[in-house]
Every structure is written in C-alpha cells, then in structure tokens.
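Q: with the input below, show me the fold.
(chains A, B, C and D)
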Number of protein chains: 2
Amino acid sequence: MSEILPKFNSTFSIDCVVFGFDGGELKILLIERNEEPFKDWWALPGNIVGEQESLDQSAARILNELTGLSNIYMEQCYTFGDVSRHPQGRVVSIAYYALLRLGGDKAVKPISTYAKKANWIDVKDLPKLAFDHKEIFETGLEKIKRRIKHQPIAFELLPEKFTLTQLQNVYEVILSKKLDKRNFRKKMLSFGVLKDLEEKQQGVSFRAATLYKFDKKKYAKLFGKEISF
Amino acid sequence: MSEILPKFNSTFSIDCVVFGFDGGELKILLIERNEEPFKDWWALPGNIVGEQESLDQSAARILNELTGLSNIYMEQCYTFGDVSRHPQGRVVSIAYYALLRLGGDKAVKPISTYAKKANWIDVKDLPKLAFDHKEIFETGLEKIKRRIKHQPIAFELLPEKFTLTQLQNVYEVILSKKLDKRNFRKKMLSFGVLKDLEEKQQGVSFRAATLYKFDKKKYAKLFGKEISF
DNA sequence: AATTTTATTTGTATTTTTTATGTAATTAGG
DNA sequence: CCTAATTACATAAAAAATACAAATAAAATT
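A: Prediction:
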C-alpha cells in the first residue's frame, strides 16, 4: 500500500459522548486521565481504533470497557481533524454519542489503564476538558437535540417501563424548555408507538402513574414516516 | 507520540460527493481512475489528507483541484472505516458533500494525475463505483434530502438569480416528489428570505418569471429559527 | 376517619399551518 | 387577434399546534 501511505505519522481514534439520564438531569460519562498529555484532566472516554476493528466496533468496545455494558445505542456524530488538536501528533478523532439507561444495576466500572476513574457529570456543570473535547461534547449535544425531535431516542435514556412524566422530563431536559403536560401526552400517544402496560408505578408516595413501554414493532411499521416533535 | 501511534499501517482520506443541478437533473461529479486499485473505474473524487491540512481544508483543496473553484459550500457527511474497505490497507475515509452552481462558466477541469477524466453524471444513472463509494454517495444523498428541509442549501445549486420555478425544481428533484406550485410559492415567500429583484427572466418564449435572490442577511436574522419545508 | 398533599388524568376552544383547488394575467408566436 | 404556455393571486377546507382549568386518585398527616 505504498501509494496510500501518508508521509507523516498519523492515526485515528474514537471519542465517545455517553449520555445518561438520572434524577431528572442529563449527564455524560467523563474519565480522569492517568497519562500524558492532559494527565489528571477530565476527558471524554476514547481510544485508538484497533487494526481489525471497524469504527462502530471500536466505539462499542470502548464503551464496554468503561461500563461493562454492550448493545448500547450509539451513533457516529462527527469527525474532528484539526492539525493541532493533539499535542503529540496528527490524530483524527471520530466522535460517537451513546445513550443509556442509568440507575439501578448499571454501574460504571473503570477498567482501562489510561483512566483513574470515571464519573457521571451533569452537562450543565462540566469541568474543563482535555484536547478539543469540549467542542466534541457540544457537537454531540446538538446532535441529540435535533435527533430527539424526529427519532425515538428518548427511550434509550429511560428504563424499559416508564411513565409519561418521565418521558416528558427527558424531552424537557434535552430541549431545555418546559412543555405542556396535556399537549405532550396527547401528541406522544398519537404516534401510536407507546404500549400501555396496564400497570402502575410502584413505591411512590402519591398517585401512581401508568407505565408504558416503547413499541419497536409499531414504530418500525411507520416506515420512516416523520415524527415531528 | 509513541503511545498514540497505532501498531499498523493506516491513513485517512477525504472523498467528496459533489452535487450539481443542471437541466433539471441532479448530478454528481465522478472521476475515472487512472491508478490501481480500481483502475478505469468510476469513483468519487478523493485524496489523502495532507500533513498540514485540516479535514475541511483538504476537502476544499480536492474540489479546487478538480474544478478550479473555491469557496464552495461543503459539509462533512460521515466517516467510513470498515476494516476492508480499501484493498491495500487500512484507510478511513471522511466523506464530504459539496453543492455548486452548474451551467455557464463552471467547467470541470481535471488536473489530478490519478484521474483520467471527470464527468457530471445524473444520480439516477450512476455506473458501478470503486471501493465503497456507492454507499458513500447514498449517505450523501440522504443527508441533503434531510437538510434541504431545514436549511437553505437549495440556493447553492442555483445561479445567483433564479425563478421560483427553478427553485421548486431543485426541491422536486432532491425530494423525488411533485410539489404544488401555488403552495410552494406561498410557503417559500413566507420565510422572508427571498429578495424580489424586480427583474424578469430573459430569453424565454413565454411569460417571463420574476427573478429572486437568496437574502443571507435576512436569513441570518432568523437566528436558527427552524424552517420546515 | 377526615383532611391535606401531591401528582395523574382528562377536554375543549383557539390559532396556526398545511393542503387543495379555481381562475385571471402576462408574454411569445403564429 | 388568437392560441399556447406559464406566471401570479385568492380563498376555502382540513389538519396540526397551542393555550388553558378542573376533577381524580393515592398516600401521608392530623
């Protein structure tokens, strides 16, 4: 492959903006770096792509190493390639965002050697980030803001069974605006992709709400018909 | 940068889906390759990213080498990184799409050594393409189909001065569906981003239509307010 | 047991946007 | 002057988005 080799050292990496929804707040998973450059800084989880890995596989691996989870919803987001974005050479980074259900058993288990620890941090309260990770985060947040209006990604952030109020909270936090309960409910139900589980919320100290789940089959039947939230 | 170097040969390239609108048809710019692999095949124009080039700069350079044009509307589209997408090694390709005004002076001048010639080819009549370029093209087409509904990109495909009918043609071809003239006109004008030039089309053998131009300043004032076509 | 607290649940009128359709006006060419 | 082709304008009907208030259920408190 002589003719396709560049004349300079270069490589490519994956960085992940991992969103979780917890306690009514939108959070992302950050690691504290254990290596230079940016040792002791907070950064997005990321790594070099392996020789026999596709980009998607690499992103899934990185997330698995960090959380122990697999089959997480991930999408490629944008590729960052400024000449000097990495102080030690030319590194092009393909950013992914991931959405996952928090709470309960889904604990974070930091495994990688390059990370001291990993924390969920509220997106409204982020520390300074290493490299151009601030920009990557912002791009990821913009993407999900757009996508939540047309695609059923909100459900990825909620437990399997959820109430309409919980669902509304996800929309409100991501879109940063209050929504009307009655109109939200009406519209959401009108899409016909929510299954009424005929089951009530447990352990709340007030009237329990009905639980719903997202019905993937019914959604698939809409066949790309635009949902416009 | 020892620790960030991968243990295997790899590089990254840019591939461009260059859209043009001509004679009522949507076309893309293809080159006929002059080198192995895929010698004599049609392919998207692309190249290796230079050491001191950002990705955006590289995309602009490639398009300039091919057309002689600069200041062309380009956007990053998606990054393709399957392990075996390039027969000679690991090459990750960052795809861009470009939109440009055809007709008149904007002739294509093939310069690169790796291309025998370059042609504008109707997207409805594409030949077999080298590498995974078919997939890249389809991704680019999907992107502009989505984007044209919310962003003023149609104007990039038209001359500075255009009629509402020409504009409607762009929408019809990209969205692959007929639109109602009266409703199209009403809606398009309602956005308030078209400037009536108080000037008529020339050299037509029927009633001449009014010429308009896209008013970037007025559009900027909308400040991200969603246009929904 | 009655009362208070908290959150769920439901309906309707109004406005805005989208869709559908009719018809007159303008221009070139025969 | 008449025809053909296209632009240009108006309005009604349907659908979707928005604004807005009161009753109900369950648990906690007194």
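Q: need the strands for chain A, in chain order.
A: With DSSP state E as the criterion, chain A has strands at A:10-22, A:25-33, A:42-43, A:46-48, A:73-80, A:90-101, A:115-122, A:194-200, A:210-214.
Q: lowest average pLDDT across those?
A: Of all the strands of chain A, mean pLDDT reaches its minimum on strand A:115-122 (a mean of 88).
Q: sorry, back to before: wait, which of the strands of chain A is closest to B:Ile227?
A: Distance to B:Ile227, taken as Cβ to Cβ, is lowest for strand A:73-80 among the strands of chain A, at 22.2 Å. Glycine gets a C-beta too; all of them are placed from N, C-alpha and C.
Q: just the angle between that closest one and strand B:10-22, please?
A: With axes from the mean of the first three to the mean of the last three Cα atoms, to 10 degrees as the criterion, the two stretches strand A:73-80 and strand B:10-22 enclose an angle of 90 degrees.
Q: now strand A:73-80: how far from the chain's centre is it?
A: 10 Å (Cα atoms, centre = their mean, to the nearest Å).
Q: got it, and stretch A:43-59?
A: In this view, stretch A:43-59 has its centroid 16 Å away from the chain centroid, taken as Cα atoms, centre = their mean.
Q: same check on stretch A:130-141?
A: Using Cα atoms, centre = their mean, we find the averaged C-alpha position of stretch A:130-141 to lie 13 Å away from the chain's own average C-alpha position.
Q: repeat for stretch A:8-17
A: From the chain centre to the centre of stretch A:8-17 is a distance of 19 Å (Cα atoms, centre = their mean).
Q: can you check stretch A:31-45 too?
A: 20 Å.
Q: now do the same contact list for the residue nearest to A:Leu194 when sequence neighbours are not counted.
A: Leaving aside its chain neighbours, A:Leu194 sits nearest to A:Tyr212 (4.5 Å; criterion: Cβ to Cβ, 6 or more residues apart in numbering or on different chains). Shown in contact with A:Tyr212 (Cβ atoms under 8 Å, 6 or more residues apart in numbering or on different chains): A:161-164, A:167, A:194-197.
Q: at 7 Å what do you get?
A: A:162, A:164, A:194-197 (Cβ atoms under 7 Å, 6 or more residues apart in numbering or on different chains).
Q: format the strands of chain A as TSV; extra columns: distance to B:Lys225.
A: Conversion of the strands of chain A to TSV gives the following (distance: least, Cβ to Cβ, whole Å):
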stretch	distance to B:Lys225
strand A:10-22	26
strand A:25-33	24
strand A:42-43	34
strand A:46-48	35
strand A:73-80	23
strand A:90-101	25
strand A:115-122	28
strand A:194-200	30
strand A:210-214	30
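Q: so which of these comes closest to B:Trp42?
A: B:Trp42 lies closest, by Cβ to Cβ, to one member of those: strand A:73-80, at 25.1 Å.
Q: so that closest one versus strand A:90-101, what angle?
A: Strand A:73-80 runs at 160 degrees relative to strand A:90-101, counting by the same axes, to 10 degrees.
Q: and the closest residue to A:Lys161 other than its chain neighbours, how far is that from A:Asp22?
A: The shortest distance from A:Lys161 to any non-neighbouring residue, by Cβ to Cβ, 6+ apart, is to A:Leu211 (4.3 Å). Taking Cβ to Cβ, to the nearest Å as the measure, A:Leu211 and A:Asp22 are separated by 19 Å.
Q: those two: which is more packed in?
A: When A:Leu211 and A:Asp22 are compared on other Cβ atoms under 10 Å in any protein chain shown, the one with more neighbours turns out to be A:Leu211, at 20 against 14.
Q: gap between the more buried one and A:Leu102?
A: The spacing between A:Leu211 and A:Leu102, counted by Cβ to Cβ, is 18 Å.
Q: got the domain boundaries for chain A?
A: As recorded under automatic domain parsing, the domains making up chain A are A:9-147, A:160-222.
Q: direction included, what does the helix or strand of chain A with the lowest mean pLDDT pair against?
A: Comparing helices and strands within chain A by mean pLDDT, DSSP states H and E singles out strand A:115-122 as the least confident, with a mean of 88. Sheet pairing for strand A:115-122, assigned by DSSP bridges, gives strand A:25-33 (antiparallel).
Q: ok so, going back, closest one of the contacts of A:Tyr212 to DNA strand D?
A: The shortest approach to DNA strand D among the contacts of A:Tyr212 belongs to A:Leu164, at 13.1 Å (Cβ to the nearest atom of the strand).
Q: all good on my end, thank you.
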